[in-house]
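In: here is my input; please provide its structure:
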Amino acid sequence: MQYCGIRPAGTFVYPVLIKLAGEACVVFHAQVVKLGHFQDRYVRNVIMDMYAKYGPVKFARKLFDEMPERTLADWNSMISGYWKWGDEVEASRLFNVMPEWNVVTWTSMVTGYAKKGDLESARRYFDEMPEKSVVSWNAMLSGYAQNGFAEKALRLFDDMINAGVQPNETTWVTVISSLSLHGDPCLADLLVRTLDQKKIHLNCFVKTALLDMYAKCGNLETAQRIFDELGVYRNSITWNAMISAYTRVGDLNSARELFDKMPEKNVVSWNSLIAGYAQNGQSAMAIELFKDMTATKDLKPDEVTMVSVFSACGHLGALKLGNWVVNILNENHIKLSISGYNSLIFMYSRCGSVEDAYRVFQEMETRDVVSYNTLIAGFATHGHGMEAIELMSKMKGEGIEPDRVTFIGVLTACSHAGLLEEGWKVFKSIQAPAVDHYACMIDLLGRVGELDEARKLIESMPIKPHAGVYGSLLNASRIHKRVELGELAASKLFELEPYNSGNYILLSNIYASAGRWEDVERVRGTMRKVGVKKTTGWSWVEYKGEIHKFIVGDRMHERSDDIYGLLSELGRKMRRNGYIADKSCVLRDVEEEEKEEMVGTHSEKLAICFALLVGEAGAVIRVVKNLRVCWDCHTAIKIISKLEGREIIVRDNNRFHHFSNGLCSCKDYW
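Out: So this is what the prediction gives:
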């Protein structure tokens, strides 16, 4: 039009052009000024509105202040602009000095406070509104829904219906989303019947919300049917909702199948599947998928991605992988919230680097109770009892009250460090100890040999003991070879958790240590009768970004011949240094040579030999084991650490063991 030399008749075209151009519309600002159209109130308002939306908001305010006359739309644009840029003070000040308000003004205040999370103020403005539109109701409903107040959202929806306001599609999506958070199948069915009765048109957005609602209520069959019905109208939100639905119930194969079929994946798609793998115990798969994601062009991970991957690295104990992930975080300039930092503390703690965990904690500008609890738990698993106690004191000094989890962490730390006096002091400071706190205290008493005191504490408990309480007593009986107490604890555990193989194995170990082979066989017979199978013991080490796993007597690894050759050589060196195999943990009455061979090829020994073969000279060896390390392996690893001059860190299912120069950080106390 301009190329042809035709000028617009009047100013009506500029508001349309400016709205269409978005951020790029600054060129039209210059043009309307040059052509003398800036005095037109519609043109002026749309330019000011553009600056309010896209910034800088101070430019919008400058135009607003220069206006000789301001319309209601001008005031509303400025108030919306200030809320968009998080300036609650100026938005409220303008609202208070406005000559008049309309429904848009009131709704802007409701929306602003709701997005800020101040629902009390949002509701106050909503209730004071002289007139409400469906948009006003939707704003308040969204505020409740997006802040997790599903029940309040549903009550407000009832008020809306009773007030005779006709819901629109946005209303239904919001209400359905609230029901998704509520997870109540009965309410979900009631809502669907209402939709049918009112003959509500279900567009793709409403159907996607319904799909998500059914998925979170556990009705995957209906969710899948809606997904299939949507056909070509599926969008990324639809696909992501369905993937999340399958990961939520642990059906990772179906989730992966959908993920692979997606026509276009966004960061939420990757996050959904990565989180699914991480939360369902497939940490290695979560990391492999993350590697694929980082290789994808034009797609960057976000904080949600990093939290899942940090968790996966932590569960695997893969420190090198964890450091690689941190490098990805820094390269992409991803900013972490408190939650992100907490997950990083968890990762370092679980990877055996409590120093790095403490460094991250120190770097945090703001900490919450989870930050403290995560680091306290890290101190506990590494046996740093006094550090955990001091951290709880610091926590109180910063005005953060310890919660149930805090006390569990500190008591566990006292237990692993043998701090009986300090543990009693912490326990007695708890106003109303929960059953988990009793379990920690019984574990502490048992570890230091006060088994009769532990039994008295159980008998005096004002609440019913759970499996953790008797599990602590059973383990203490194993450590101190108290057969009668072990039998008592085991009998209770067999009632409480009859399919937990660990309880049967601990009792068998107690009998085996006492040479009571008939009782060992009786326990194993009970396991067969009940249908309980012994958990396979695994140990793994990280090498070149891959996890190498071993089981007892494993010969499947490609370097098995080298591993067993080194193991045999180490065995000869160890025996020359006074090592005698501890065969008490072998649960069969077999020849002594066979017992020695059985303990000699435990998975952690194989993993350490592999690490010695492939690792750099002098490098720290890190091993993760899914079960508790046995006495023989503990003794053997101490000797290996001295013979090889290497620091060896072993994480079992109970704690960390730092072996160095023939000693262990647990002081042979675990």
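
In: tell me which element Gly218 falls in.
Out: Of the helices and strands defined by DSSP states H and E, none includes Gly218.

In: distance of the residue lying closest to it once chain neighbours are set aside relative to Ala223?
Out: Closest residue to Gly218 apart from its sequence neighbours, by Cβ to Cβ, 6 or more residues apart in numbering: Pro185 at 6.9 Å. C-beta coordinates here come from the backbone N, C-alpha and C atoms, glycine included. Distance, Pro185 to Ala223, using Cβ to Cβ, to the nearest Å: 12 Å.

In: so between the two, which is more surrounded?
Out: Ala223 (22 against 15; other Cβ atoms under 10 Å).

In: quick check: the more buried one touching Ala245?
Out: Yes: between Ala223 and Ala245 there is a contact at 5.4 Å, judged by Cβ atoms under 8 Å.

In: shared neighbours, those two?
Out: Residues touching both Ala223 and Ala245 (Cβ atoms under 8 Å, 6 or more residues apart in numbering) are Leu211, Asp212, Ala215.

In: how about the residues you listed in JSON lines, adding secondary structure?
Out: Listed next are the shared contacts of Ala223 and Ala245 as JSON lines, based on DSSP: H, G, I helix; E, B strand; the rest coil:
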{"residue": "Leu211", "secondary structure": "helix"}
{"residue": "Asp212", "secondary structure": "helix"}
{"residue": "Ala215", "secondary structure": "helix"}
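
In: got those as CSV, with pLDDT columns?
Out: Shown next, in CSV, are those (pLDDT from 0 to 100):
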residue, pLDDT
Leu211, 86
Asp212, 84
Ala215, 82
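
In: quick one: residues contacting Leu211.
Out: Contacts of Leu211 by Cβ under 8 Å, 6+ apart are Ala223, Ile226, Phe227, Leu230, Thr238, Ala241, Met242, Ala245.

In: one more: Thr412?
Out: Counting by Cβ under 8 Å, 6+ apart, Thr412 has contacts Ala377, Ala380, Thr381, Cys440, Asp443.

In: same check, this time on Ser121
Out: Residues in contact with Ser121 (Cβ under 8 Å, 6+ apart) are Tyr113.

In: tell me the SS of it?
Out: Recorded secondary structure, Ser121: helix (three-state DSSP).

In: can you give me the distance of it to Ala245?
Out: Taking Cβ to Cβ, one finds Ser121 at 35 Å from Ala245.

In: the spatially closest residue to Tyr372 that is not a sequence neighbour: neighbour count?
Out: Leaving aside its sequence neighbours, Tyr372 sits nearest to Met395 (Cβ to Cβ, 6+ apart; 4.5 Å). Met395: 21 surrounding residues under other Cβ under 10 Å.

In: same question, the one 3 residues further on
Out: Applying other Cβ under 10 Å, we find 8 other residues in the vicinity of Glu398.

In: phi, psi for it please.
Out: The phi/psi pair for Glu398 (degrees, to the nearest 10) reads phi -90, psi 10.

In: got the contact list for the residue nearest to it when sequence neighbours are not counted?
Out: Excluding its sequence neighbours, the residue lying closest to Glu398 (Cβ to Cβ, 6+ apart) is Arg367, at 7.3 Å. Arg367 makes contact with Ile338, Phe361, Glu398, Ile400 under the criterion Cβ under 8 Å, 6+ apart.

In: ditto for Tyr113
Out: With Cβ under 8 Å, 6+ apart, Tyr113 has these contacts: Glu88, Leu119, Ser121, Ala122, Tyr125, Gly143.

In: repeat that for Leu190.
Out: Neighbour list for Leu190: empty [criterion: Cβ under 8 Å, 6+ apart].

In: likewise Asp368?
Out: Per Cβ under 8 Å, 6+ apart, neighbours of Asp368: Ile338, Asn342, Ile400.

In: pull the distance from the lengthiest helix in the chain to the chain's centre.
Out: In the chain, assigned by DSSP state H, the helix with the most residues is helix 560-576. Its chain's C-alpha centre and that of helix 560-576 lie 41 Å apart, by Cα atoms, centre = their mean, to the nearest Å.

In: so what touches that helix?
Out: Residues from elsewhere that reach helix 560-576, judged by Cβ under 8 Å, 6+ apart: 554-555, 557, 600-601, 605-606, 609-610, 612-613, 636, 639-640, 643.

In: stretch 157-173 too?
Out: 132, 134, 137-138, 141, 175, 178, 195, 200-201, 203, 205-206, 209.

In: and the helix or strand Val309 falls within, what other elements does it pack with?
Out: Following DSSP H and E, one finds Val309 within helix 303-316. Here helix 303-316 touches helix 267-279, helix 283-294, helix 319-331, helix 338-350, going by 3 or more Cβ pairs under 8 Å, 6 or more residues apart in numbering; DSSP states H and E.

In: and the gap between the residue nearest to Gly218 and Tyr214?
Out: Distance of Pro185 to Tyr214, computed by Cβ to Cβ: 9 Å.

In: doesn't Leu411 fall inside a helix?
Out: Yes: Leu411 sits within a helix when classified using three-state DSSP.

In: residues near it, how many?
Out: Per other Cβ under 10 Å, the neighbour tally for Leu411 reads 29.

In: thought it was touching Trp424?
Out: No: using Cβ under 8 Å, Leu411 is not in contact with Trp424, being 9.9 Å away.

In: touching both of the two, which residues are there?
Out: What both Leu411 and Trp424 touch, as defined by Cβ under 8 Å, 6+ apart, is the set Met441.

In: okay, and the residue nearest to Tyr372 sits in which element?
Out: Using DSSP H and E, Met395 falls in helix 385-397.

In: list the contacts of that helix.
Out: Contact partners of helix 385-397, identified using Cβ under 8 Å, 6+ apart, comprise 369, 372, 375-376, 379-380, 402, 406, 409-410, 413-414, 416-419, 422, 426.

In: swap in stretch 357-364?
Out: Outside stretch 357-364, the residues touching it (Cβ under 8 Å, 6+ apart) are Ile338, Tyr341, Leu344, Ile345, Phe346, Tyr348, Ser349, Arg367, Ser371, Thr374, Leu375, Gly378.

In: mind doing that once more with 6 Å?
Out: Outside stretch 357-364, the residues within contact range by Cβ atoms under 6 Å, 6 or more residues apart in numbering are Tyr341, Leu344, Ile345, Tyr348, Ser349, Leu375, Gly378.

In: same check on stretch 534-545?
Out: Residues outside stretch 534-545 that contact it (Cβ under 6 Å, 6+ apart): 318, 320, 501, 547-551, 603-604, 607, 611, 614, 623-627.

In: and that stretch, how far from the chain's centre?
Out: That offset, for stretch 534-545, works out to 23 Å (Cα atoms, centre = their mean).
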